[in-house]
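>>> no FASTA, just this:
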């Protein structure tokens, strides 16, 4: 029975029953669904399924190959861990939207054609916004609206590109697309918005920190990774992406250093990590694409772990702002320890997961003689250590004591974080057991060489040393309550000001036109009243005598006219 | 609007002193870091000596800059410092009040 359903349908249809269930029944149901969905996916095996023909276009609802299967695995694991994390305090709305969201992600990476991709693409946007709105604050409501506009907009651009592409080629197959035609360029732009390309990235740093404590965990897992998948499927080897990726790894690290809200730091950190993936896709060799995919897999786990530990902070301490936190390891030692595992993984310490995947992208860059790219990526690696490796655990849990005392995170949260931490160490220590064999191409890369281990340890430990020196000499940036201007200023301030100014001009114009019209209408009514009103010449009532005179005058005129018009002829002679 | 949902727990009594309340513990941690740094630093110096004695190399530089001794250590230290100083500079340009967009 399960085998006949597309895997995406299991979680999406299953979500419909979530509002009917309470307590343990709901917990059991929502945790069963990702397992059943993964079983359905694995039962299908590789191949193409669900071909349907609509308006002469061939749709392939499900396509499972090496690239889509690893993302399928990833999304199911992320959904399962996230749903465990959300057990405490999560509402039925959050459970249901998380399931639809996860199902849409599974559907999108399984889409064999662009139209199916588009449908799941929009479903990703529609289902995920509830994870922001569920926070229930004014800020989250506004951030959610902005998020939805941009996400749906990305879908509209994608659709425009698909239509142009389909008209040009007659095909909607989702294979390598390239950037030659207008259609594929538009598709790239649509994907680029979801992948948080530079200047298109602010929806991420805007909305994710405003989501619920568990909502941010789901958000960090799906949308951007679907975009990375779509880039790897359609645009591998596009040179432009190499430099887009480099810029993405570079600029967020500076913002992350000065950002006060830890979950917004993680938002910038996501863009930085996606930069490594985009760069790998742009290089496009088998090793580079493998690296990008492996890093996407690891990123969901360690970024999820970091979002979970900051989510636990939000749940227990009520804030994720550096300026208000500090000393929380005293109350939440287990959460602090698990956070450090996530921090070590993203910083790519040996035996942690970042070490075995990020380095694949960098090794691929060197292999292609992209030395400058490699130097930038190495620089960005030091930046990762700053904002994710040190800032998150240090200012979240160890910095100067804020005086906040609370309880350890609830057991369900600790279990979820523990699972993610286990997978981070497992993938980092034994990459050949699960991660490497499941990558789209055969892996020849060996991460654990003495050269790689030594150079990575030198890079990281000396960067930590720099932190200690800067911190002790009071050169580290202070943690200040603040907002940092980014590209979103253009629509949140400049665009808003422009819209308000334009609105002011049009409303003044409208007022002027309305005032003139009212005046003109008033004078027209006035003159009509003057001539035809009760006292007007034409409105007067006439006495009967006047009418008799008028009738007599009319008759006289008639007679005169009659005579005037009758021809004067002599009388005919008598016969 | 409903308020932010969370459970901050009961007011928990603090059990007194904690691990890092003692500044000596921080100093010990920093001392360990310095020792580790010294060890990984020394590996780059030991490498050519080891190679001359045994023919075994820990690392063979593939690029010119890798041949520069302590390239990674210096790059890590300088990159980190550069990031912090650049970010402080950036802050001068972009930092606004916390409620900048709410006003």
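Right, received. Where do you want to start? Nothing here was measured: the structure is a model prediction, and the numbers come from that model. Numbering: from 1, shown residues only, chains lettered A, B, ... in the order given.
>>> CA atoms for contacts and neighbours, from now on please.
Noted.
>>> tell me the phi and psi of residue A:49?
Here is the backbone geometry of residue A:49 (degrees, to the nearest 10): phi -130, psi 160.
>>> List the contacts of it.
Residue A:49 is in contact with A:60, A:61, A:62, A:63, counting by C-alpha atoms under 8 Å, 6 or more residues apart in numbering or on different chains.
>>> Same question for residue A:442.
With C-alpha under 8 Å, 6+ apart, residue A:442 has these contacts: residue A:436.
>>> Now render the contacts of residue A:49 as a markdown table, adding secondary structure, pLDDT and distance to chain B.
Formatted as a markdown table, the contacts of residue A:49 follow (DSSP: H, G, I helix; E, B strand; the rest coil; pLDDT from 0 to 100; distance: C-alpha to the nearest C-alpha, whole Å):
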| residue | secondary structure | pLDDT | distance to chain B |
| --- | --- | --- | --- |
| A:60 | strand | 89 | 42 |
| A:61 | strand | 89 | 39 |
| A:62 | strand | 91 | 38 |
| A:63 | strand | 93 | 40 |
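>>> from these, which would you call buried?
A:60, A:61, A:62, A:63 (16 or more other C-alpha atoms under 10 Å in any protein chain shown).
>>> Just name the closest of those to residue A:254, please.
The nearest member of those to residue A:254, counting by C-alpha to C-alpha, is residue A:63 at 40.0 Å.
>>> The closest one contacts residue A:44, correct?
No: taking C-alpha atoms under 8 Å as the definition, residue A:63 is not a contact partner of residue A:44, at 9.7 Å.
>>> domain parsing for chain B?
B:19-60, B:61-95 (automatic domain parsing).
>>> Turn those domains into TSV, including distance to chain A and mean neighbour count.
Listed next are those as TSV, based on distance: least, C-alpha to the nearest C-alpha, whole Å; neighbours: other C-alpha atoms under 10 Å in any protein chain shown:
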stretch	distance to chain A	mean neighbour count
domain B:19-60	4	14
domain B:61-95	4	17
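>>> looking at the ones you listed, which is closest to residue A:152?
Going by C-alpha to C-alpha, the one of the domains of chain B nearest residue A:152 is domain B:61-95, 28.7 Å.
>>> any idea of the mean pLDDT for the closest one?
For domain B:61-95, mean pLDDT is 88.
>>> ditto for stretch A:522-533
Per-residue scores along stretch A:522-533 average to 88.
>>> And the contacts of that stretch?
With contacts defined as C-alpha under 8 Å, 6+ apart, stretch A:522-533 is touched by A:536, A:537, A:538, A:539.
>>> Just the element for the first one, please.
Pointing back at residue A:536 there. Under DSSP states H and E, no helix or strand contains residue A:536.
>>> Please apply the same query to residue A:256.
Under the criterion of DSSP H and E, residue A:256 resides in helix A:239-258.
>>> any bit of that helix sitting next to chain B?
Yes: against chain B, helix A:239-258 shows contacts by C-alpha under 8 Å from any C-alpha of the partner chain at A:253, A:254, A:255, A:257, A:258.
>>> So what does the closest residue to chain B within the stretch 301-450 of chain A have for phi and psi?
Closest approach between the stretch 301-450 of chain A and chain B, counting by C-alpha to the nearest C-alpha: residue A:316, at 4.1 Å. In this entry, residue A:316 is assigned phi and psi values of phi -90, psi -40 (degrees, to the nearest 10).
>>> just checking, it touches residue A:404?
No: using C-alpha under 8 Å, residue A:316 makes no contact with residue A:404, being 9.7 Å away.
>>> These two: which has the busier surroundings?
residue A:316 (24 against 18; other C-alpha atoms under 10 Å in any protein chain shown).
>>> For the residue most central in space within chain B, list the residues it contacts.
Centroid-nearest residue in chain B, with C-alpha atoms, centre = their mean: residue B:80, separated by 7.8 Å. By C-alpha under 8 Å, 6+ apart, residue B:80 lies in contact with A:382, A:383, A:386, A:463, A:466, A:467.
>>> Residue A:60 now?
Going by C-alpha under 8 Å, 6+ apart, residue A:60 touches A:48, A:49, A:50, A:51, A:52, A:111, A:112, A:113, A:116.
>>> If you rank the residues you listed by neighbours, which is first?
Using other C-alpha under 10 Å as the neighbour test, the contacts of residue A:60 are led by residue A:111, with 28 neighbours.
>>> right, and that one touches residue A:62 too?
Yes: counting by C-alpha under 8 Å, residue A:111 does reach residue A:62; the two are 5.3 Å apart.
>>> quick one on the thing from earlier: of all the domains of chain B, which lies closest to residue A:519?
Nearest to residue A:519, of all the domains of chain B, is domain B:61-95, at 50.4 Å by C-alpha to C-alpha.
>>> Tell me how far that closest one lies from the chain's centre.
12 Å (C-alpha atoms, centre = their mean, to the nearest Å).
>>> Same check on stretch A:237-244?
21 Å.
>>> Touching that stretch from outside, list them.
By C-alpha under 8 Å, 6+ apart, the residues outside stretch A:237-244 that reach it are A:178-179, A:197-198, A:275, A:278-285, A:373.
>>> which one of those has the most neighbours?
residue A:278 (37 neighbours).
>>> Check what pLDDT the closest residue to that residue other than its chain neighbours gets.
With C-alpha to C-alpha, 6 or more residues apart in numbering or on different chains as the criterion, residue A:278 has its nearest non-adjacent residue at 4.8 Å, and that residue is residue A:245. On the pLDDT scale, residue A:245 is placed at 97.
>>> my read: residue A:245 touches residue A:275, true?
Yes: in this structure, residue A:245 is within contact of residue A:275 by C-alpha under 8 Å, at 4.1 Å.
>>> Among the contacts of stretch A:522-533, which one sits closest to chain B?
Nearest member of these to chain B, counting by C-alpha to the nearest C-alpha, is residue A:536, at 58.5 Å.
>>> who's in contact with that closest one?
With contacts defined as C-alpha under 8 Å, 6+ apart, residue A:536 is in contact with A:529, A:530.
>>> what's the least confident helix or strand in chain A, going by average pLDDT?
Every helix and strand in chain A was compared by mean pLDDT, DSSP states H and E; the lowest is strand A:47-54, with a mean of 85.
>>> ok, now which ones touch the closest residue to residue A:251 other than its chain neighbours?
Residue nearest to residue A:251 in three dimensions, not counting chain neighbours: residue A:272, with 7.8 Å by C-alpha to C-alpha, 6+ apart. The contact partners of residue A:272, taken as C-alpha under 8 Å, 6+ apart, are A:248, A:249, A:250, A:251, A:252, A:253, A:380, A:384.
>>> one more time with 10 Å
Counting by C-alpha atoms under 10 Å, 6 or more residues apart in numbering or on different chains, residue A:272 touches A:196, A:245-253, A:256, A:266, A:278, A:377, A:380-381, A:383-384.
>>> what do you get for residue A:546?
Residues near residue A:546 by C-alpha under 10 Å, 6+ apart: residue A:552.
>>> quick check, distance from the strand or helix carrying residue A:126 to the centre of its chain.
Remark: residue A:126 resides in helix A:114-133, with elements defined by DSSP H and E. Centre-to-centre, helix A:114-133 and its host chain are 9 Å apart (C-alpha atoms, centre = their mean).
>>> Appreciated, that's everything.
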